[in-house]
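Asks: predicted model and sequence below, questions to follow.
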4 protein chains.
Amino acid sequence: MTTLRALVLGCSLKSGSQESSSDLLGRQILDALADHDVDGELIRVADQNIKFGVSTDEGDGDGWPAVREKILAAQILVIATPIWLGQPSSVAKMVLERLDAELSETDPRGRPSMSDKVAVVGVVGNEDGAHHVIAEVIQALNDVGFTIPAAGSAYWVGEALGKVDYKDAGPKPDTTGESVKSLASTAAHLAHALASNPYPSE
Amino acid sequence: MTTLRALVLGCSLKSGSQESSSDLLGRQILDALADHDVDGELIRVADQNIKFGVSTDEGDGDGWPAVREKILAAQILVIATPIWLGQPSSVAKMVLERLDAELSETDPRGRPSMSDKVAVVGVVGNEDGAHHVIAEVIQALNDVGFTIPAAGSAYWVGEALGKVDYKDAGPKPDTTGESVKSLASTAAHLAHALASNPYPSE
Amino acid sequence: MTTLRALVLGCSLKSGSQESSSDLLGRQILDALADHDVDGELIRVADQNIKFGVSTDEGDGDGWPAVREKILAAQILVIATPIWLGQPSSVAKMVLERLDAELSETDPRGRPSMSDKVAVVGVVGNEDGAHHVIAEVIQALNDVGFTIPAAGSAYWVGEALGKVDYKDAGPKPDTTGESVKSLASTAAHLAHALASNPYPSE
Amino acid sequence: MTTLRALVLGCSLKSGSQESSSDLLGRQILDALADHDVDGELIRVADQNIKFGVSTDEGDGDGWPAVREKILAAQILVIATPIWLGQPSSVAKMVLERLDAELSETDPRGRPSMSDKVAVVGVVGNEDGAHHVIAEVIQALNDVGFTIPAAGSAYWVGEALGKVDYKDAGPKPDTTGESVKSLASTAAHLAHALASNPYPSE
């Protein structure tokens, strides 16, 4: 089985010198993927000088083209995002908007540019909002051509109206850990299956 | 100050003989409203033989017209709903669909039929989903003409991936109780303000 | 290549004797799947006496167990739903709630009961709301174990604030037809790929 | 009747030298408000050097504190946003995240800082997504303390899967224009009502 590649986009609002709970969950997903012949890396999006827009390159020092190269080189994309006001972070939304450009792009075989790529979502928040964040992120990623594996998400949130961060929470609940393992298993299986049996050209 | 009227629609999937956490939160909201010259009642929607549809009366023993009379007689509408899969219950959705009919109805002064009425939302779930449920319910209610008071929602959910019900949880968190009090205060104030200073006819 | 099976659940609020735009789109999806070795059928959910609930069988003449048998026998599930107030129909929500029960069910190999099954969504509305309906439906279906193929949705809506139905619209836009073809191609490919290369048991 | 103040935050992804459809709708809302003793201005958010974050001041040249002053000085806030992938723009999300800080702020009377302020939403897109954008924006604004007037939104979108911009569309539909007028009427009435009859201190 070929080793596949995963890219985690950490969509914290914070720049790189600050600890991020969504990065932490993203790294746990990478660790779990390593058990299934998938290696990879995590990028903190807020450090990449990504410009607002819906094209593949907004010019003027735009950091997106370099990120896009990494997405093109990966078979698994992981969006790791915090929840704010029950919704995905603006940084995650910026990433989705840049991926909107892929609706006009094709791969060397003339298929949509994201064909055979698998996407999953990791969500952390002080409190409530994970299901909706997952809904918005997978709808957008699926729309631009990613395939979503069975149970393709993992999340942690504290109790209603709480203020504790995942990175500061005590022992992590088994439930979140189980979801991470399950997500890694289905994502890796599906990416391997599509690598050996790709979607047809139209 | 005139006594105003509130109607709570309990949108549990369960019929009346079974305990419902959303009814419990709905009754707590009624209790809190009573401190602001608002009396009212709670109806369990699943017991009313409401038919699927988007008209004011679907005929054939449809229970909606009787519920609609109570809405017309109230100044405050409370939707109390459980969360399933991070979303409002199908029973709550059925209520919103029936209210869609109000887009074509007017009151005796020729205004939209829900003019001067205030709506709030109470949400309970084993776990995650409250913000999105609130978003969907207030968008739909606002669309058909209800006014939404500041911080017009209250919710309780357990920790991520949990299974405990609000009715079975131990001591209720102060946070949810505070939201209920705050919601009752703003809803009652706004309903009184609109009663004495109604929206103009066009 | 084995012939696979698709089940379309038509989630109109109307009972069977009335024409439904979502059924029409559902049948167009079935036609497009037939070109990829997939046969199937469409069921109008509102005619099946489905009870509100979150179990596999609510008893008392509940129509869900018969529908569930058809889902278990199919490799592709299509949810075809109208939009009301920018949201999925209450009938679609009732279906998702009943599928929530699958989180506790396993298949004969001890895997989650919906393993290897592919789900797609067809949405029609007088106007605006398709993206959000798709988001809610695929989030819920993915959560309970379905895999979502690349670009797994097709929709039609009229212009903003419009009132024309899909079934009454003039020549159907090529855009919706193209989406139907594309969705059928990716859904069938993925279902075939998972049939020959199933997700592992844990 | 005192003249009130409205602030429109234009949440286009484009910087100020480029035409924006959401700015256009925002200006139409300002014009309609002028008929109800409300004056105001529009700010293009993408030009203000707003930093990502959830505090009232992220330091280091952050443009938010100046915008926040204008919000504090206004009685009506209008969020005018485009739709991308069926969702609010990342710029709109950045604004909502900055407003999250208001949950910890109070006004001179000890009430939540956004008390008595009214919020409405204007949405434009090539196609589908307005209802969901409205849902997310009003949920977040209501959560942080804004009051939402009856039918507090206006939108325009083209036909399904279309590519025409509002600014380039031919004659604007009467439907959108009617919504703008209706929104201006209810927003102005409610802001005047709350100015003369403010929410109580707790």
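Replies: Okay, I see it. Numbers count the residues shown, from 1 in each chain, chains lettered A, B, ... in the order given.
Asks: could I get the full set of strands for chain A?
Replies: A:4-10, A:38-44, A:76-84, A:87-88, A:118-125, A:153-157 (DSSP state E).
Asks: where among the ones you listed is average confidence lowest?
Replies: Lowest mean pLDDT within the strands of chain A: strand A:153-157, a mean of 93.
Asks: just to revisit the earlier point, for the strands of chain A, give me TSV that also has distance to D:D39.
Replies: For glycine as for every other residue, the C-beta is placed from the backbone atoms N, C-alpha and C. Shown next, in TSV, are the strands of chain A (distance: least, CB to CB, whole Å):
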stretch	distance to D:D39
strand A:4-10	43
strand A:38-44	43
strand A:76-84	32
strand A:87-88	32
strand A:118-125	39
strand A:153-157	42
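Asks: out of the ones you listed, which is closest to C:D31?
Replies: strand A:118-125 (28.6 Å; CB to CB).
Asks: and the closest one with chain B, contact?
Replies: No. Using CB under 8 Å from any CB of the partner chain, strand A:118-125 stays clear of chain B, coming no nearer than 8.8 Å.
Asks: and that strand, how far from the chain's centre?
Replies: Chain-centre distance of strand A:118-125: 5 Å, with CA atoms, centre = their mean, to the nearest Å.
Asks: between that strand and strand A:4-10, how big is the angle?
Replies: In terms of direction (axes from the mean of the first three to the mean of the last three CA atoms, to 10 degrees), strand A:118-125 departs from strand A:4-10 by 30 degrees.
Asks: follow-up on the earlier one: would you turn the strands of chain A into TSV with mean neighbour count and distance to A:E136?
Replies: Formatted as TSV, these follow (neighbours: other CB atoms under 10 Å in any protein chain shown; distance: least, CB to CB, whole Å):
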stretch	mean neighbour count	distance to A:E136
strand A:4-10	23	15
strand A:38-44	19	21
strand A:76-84	28	10
strand A:87-88	28	5
strand A:118-125	30	9
strand A:153-157	27	12
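Asks: right, so of those, which gets closest to D:S104?
Replies: Across the strands of chain A, the minimum distance to D:S104, taken as CB to CB, is reached by strand A:76-84, at 14.1 Å.
Asks: the closest one near chain C at all?
Replies: No. Strand A:76-84 does not reach chain C (CB under 8 Å from any CB); its nearest approach is 12.7 Å.
Asks: residue numbers of chain A in contact with chain C?
Replies: So far as CB under 8 Å from any CB goes, chain A lies against chain C at A:112, A:114-115, A:131, A:134-136, A:138-139, A:142-143, A:145-153, A:182, A:185-186, A:189-190, A:193-194, A:196-197, A:199-200, A:202.
Asks: ok, which of these also contact chain D?
Replies: With CB under 8 Å from any CB as the criterion, the residues of chain A next to chain C include A:136, A:139, A:143 near chain D.
Asks: inside helices: which ones of those?
Replies: Taking DSSP state H as the definition of helices, these contribute A:136, A:139, A:143.
Asks: include distance to chain B and pLDDT when you put those into CSV, please.
Replies: Listed next are these as CSV, based on distance: CB to the nearest CB, whole Å; pLDDT from 0 to 100:
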residue, distance to chain B, pLDDT
A:E136, 9, 98
A:Q139, 13, 98
A:D143, 19, 97
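Asks: now, which of these sits nearest chain C?
Replies: Nearest to chain C among those, counting by CB to the nearest CB, is A:Q139 at 3.6 Å.
Asks: next, count neighbours for the closest residue to the closest one other than its chain neighbours.
Replies: Nearest residue to A:Q139, sequence neighbours excluded (CB to CB, 6 or more residues apart in numbering or on different chains): C:A135, at 3.6 Å. C:A135 is flanked by 27 other residues according to other CB atoms under 10 Å in any protein chain shown.
Asks: got it, and A:S113?
Replies: A count of nearby residues for A:S113, using other CB under 10 Å, gives 20.
Asks: ok, back up a step: closest to D:Q18 out of the strands of chain A?
Replies: Using CB to CB, the strands of chain A put strand A:87-88 closest to D:Q18, at 25.5 Å.
Asks: max-length helix in chain A?
Replies: helix A:174-196.
Asks: how about that helix: buried residues?
Replies: A:175-176, A:179-194 (16 or more other CB atoms under 10 Å in any protein chain shown).
Asks: where does the prediction get shaky in chain A?
Replies: Within chain A, the segments meeting pLDDT under 70 span A:1, A:170-173, A:202.
Asks: so which bits of it are right by chain D?
Replies: A:13-14, A:46, A:52-54, A:84-91, A:93-94, A:96-97, A:100, A:136, A:139-140, A:143-144.
Asks: chain B contacts on chain A?
Replies: Residues of chain A lying near chain B by CB under 8 Å from any CB: A:85-87, A:128-132, A:134-135, A:155-162, A:173, A:175-176, A:179.
Asks: next up, the contacts around the residue nearest the centre of chain A.
Replies: The residue lying closest to the centre of chain A (CA atoms, centre = their mean) is A:I79, at 1.7 Å. By CB atoms under 8 Å, 6 or more residues apart in numbering or on different chains, the residues touching A:I79 are A:9, A:11, A:92, A:95, A:119-122, A:137, A:141.
Asks: any chance of the ones next to chain D among the residues of chain A next to chain C in JSON lines with distance to C:D23 and neighbour count as columns?
Replies: Listed next are those as JSON lines, based on distance: CB to CB, whole Å; neighbours: other CB atoms under 10 Å in any protein chain shown:
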{"residue": "A:E136", "distance to C:D23": "28", "neighbour count": "29"}
{"residue": "A:Q139", "distance to C:D23": "23", "neighbour count": "28"}
{"residue": "A:D143", "distance to C:D23": "24", "neighbour count": "23"}
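Asks: export these to TSV and tack on distance to D:D37?
Replies: Below are these laid out as TSV (distance: CB to CB, whole Å):
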residue	distance to D:D37
A:E136	38
A:Q139	42
A:D143	44
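Asks: quick check: of the residues you listed, which lies closest to D:E58?
Replies: Nearest member of these to D:E58, counting by CB to CB, is A:E136, at 24.5 Å.
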